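**Q** based on what follows, work out the 3D shape:
(one chain, ligands or ions: 1)
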Amino acid sequence: MTRKVDLRSDTVTQPTAGMCAAMAAAPLGDDVFGDDPSVNALQDRIAALLGFEAALFVPTGTQSNLCAILAHCQRGDEYIVGQMQHCYRWEGGGAAVLGSVQPQPLNHQADGTLALADIEAAVKPDDPHFARSRLLALENTLGGKLLPMAYIEQATELARRQGLARHLDGARLFNAAVAQAGLLGTEARAEARRIAGCFDSVSVCFSKGLGAPVGSALCGSAEFIARARRIRKMAGGAMRQAGGLAAAASYALDHHVERLADDHALARRLAHGLAGIEGLQVEAPHTNIVFVDLTGAAREQSAALLKHLAGQGIQATGLYRLRFVTHLDVDSAGVDQAVAAIRQFFNAKQLSHA
Ligand SMILES: *Cc1c(COP(=O)(O)O)cnc(C)c1O
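**A** Just a heads-up that it's a prediction; the model follows:
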């Protein structure tokens with residue numbers, strides 16, 4: 001029987017036995033009254049870890065970004081954001097629909113950054129013709145790409161000089177931190193804090209590579225988080241005995257941060273396995289996401305390839321580009337199975353692993 005290998009996203013992970021035990025053991029309260037001890041502990045912990053005064057536990061990264069943008073901006077303000085960033089492209093236009101906050105999207109450079117000159121040119125003068133430029137939102141990792149630390153420092157410093165607040169969509173901040181620590185020979189948690197330190201607010205997802213079933217946290221100053229809490233209420237409210245979910249997130253912070261390096265190694269293994277196939281262009285992964293483009297005669301083959309893979313128990317996505325994501329529930333055998341199936345589709349001989 002073929003094994004199922006789900007490479008659609010790092011959101012598909014099942015909680016581990018240890019995580020389930022932590023969830024079952026979590027003391028609970030009513031978080032709307034602010035007395036769920038497990039939620040409070042998680043909020044204190046993630047805020048301290050990333051160097052902020054306060055944090056707010058929310059069910060999704062989408063709600064976290066929405067609360068952040070609406071806490072930074074008023075109606076008629078705008079946020080400067082990249083075309084491919086989640087809080088512009090993938091959140092149903094929530095900031096505009098629900099907050100009357102206008103996005104000012106910018107094209108990305110090849111390395112995922114927004115050019116400093118483009119950011120500067122996008123900041124509107126104080127003039128009644130224009131929306132008020134209020135916020136710069138960056139994302140790290142962006143589509144699995146690690147934004148260079150020096151760039152983050154320059155872009156956020158530029159935003160500060162222009163009077164903009166700075167928000168980081170760090171759904172995969174810990175992937176960025178682990179990759180950066182690997183490059184610098186430093187410690188992942190210290191890199192996470194260093195990246196976060198450039199921003200006024202940071203959103204992190206526990207439900208992606210960290211492997212928790214549900215949940216994100218928004219971090220910022222105590223005053224900012226108080227505003228975000230009110231917006232969370234308007235955006236559907238809070239959860240009650242959410243401590244079990246918070247305990248899963250806490251468990252992930254204990255056990256699933258440094259191991260993200262394993263996911264990154266598997267992504268490299270996948271990219272290496274696909275090297276040299278005619279018609280396949282593979283982007284070298286920085287973290288746990290491998291993007292593949294079909295070129296030449298293979299250009300129109302993406303749906304057929306995904307169908308072929310599905311027939312062999314392998315799932316991936318192909319909305320803009322083919323995307324393969326490694327995570328806690330994928331191992332090297334699963335990656336090799338995916339490589340073999342893709343090679344078979346293209347009739348390409350197997351490469352040996354380096
Ligand atoms: C997944 C993701 C989100 C949203 O998280 P959900 O929990 O799915 O709403 C936000 N930003 C980025 C960069 C993401 O990858």
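
**Q** which ones are touching the spatially most central residue of the chain?
**A** The centre of the chain sits closest to A171, judged by CA atoms, centre = their mean, with a distance of 2.9 Å. Counting by CB atoms under 8 Å, 6 or more residues apart in numbering, A171 touches 61, 86, 139, 203-205, 208, 216. No exception for glycine: its C-beta is placed from N, CA and C like everyone else's.

**Q** show me which of those residues neighbour the ligand.
**A** With CB under 6 Å from any ligand atom as the criterion, the contacts of A171 include 61, 86, 139, 205, 208, 216 near the ligand.

**Q** is it true that the third one touches H86?
**A** To tie it back to what came earlier, the one meant is E139. Yes: between E139 and H86 there is a contact under CB atoms under 8 Å: 6.3 Å.

**Q** find the nearest non-adjacent residue to the residue of the stretch 151-300 of the chain found nearest the ligand, please.
**A** Taking CB to the nearest ligand atom as the measure, the stretch 151-300 of the chain has A171 as its residue closest to the ligand, at 3.2 Å. Spatial nearest neighbour of A171, chain neighbours left out: C205 (4.1 Å); criterion: CB to CB, 6 or more residues apart in numbering.

**Q** would you list the phi and psi of that neighbour?
**A** phi -100, psi 130 (degrees, to the nearest 10).

**Q** can you get me a residue count around the residue of the stretch 1-150 of the chain found nearest the ligand?
**A** Per CB to the nearest ligand atom, G61 is where the stretch 1-150 of the chain lies closest to the ligand, at 2.4 Å. G61: 27 surrounding residues under other CB atoms under 10 Å.

**Q** next up, the contacts around it.
**A** Contacts for G61 (CB under 8 Å, 6+ apart) come out as 86, 169, 171, 203, 205, 207-208, 216.

**Q** go with 7 Å
**A** 171, 203, 205, 216 (CB atoms under 7 Å, 6 or more residues apart in numbering).

**Q** would you agree R268 falls within a helix?
**A** Yes: per DSSP: H, G, I helix; E, B strand; the rest coil, R268 lies within a helix segment.

**Q** now do the contacts for the closest residue to it other than its chain neighbours.
**A** Excluding the flanking residues, the one nearest R268 by CB to CB, 6+ apart is P285, at 6.2 Å. For P285, the contact set (CB under 7 Å, 6+ apart) comprises 144, 267-268, 271.

**Q** ranking the residues you listed by neighbours, who comes first?
**A** Neighbour tally across the contacts of P285 (other CB under 10 Å): the maximum, 26 neighbours, falls on A267.

**Q** excluding sequence neighbours, find me the nearest residue to that one.
**A** Nearest one to A267, counting by CB to CB, 6+ apart, is P285 at 4.1 Å.

**Q** just K4 next, same as before
**A** Counting by CB to CB, 6+ apart, G313 is the residue found nearest to K4 once chain neighbours are left out, at 4.7 Å.
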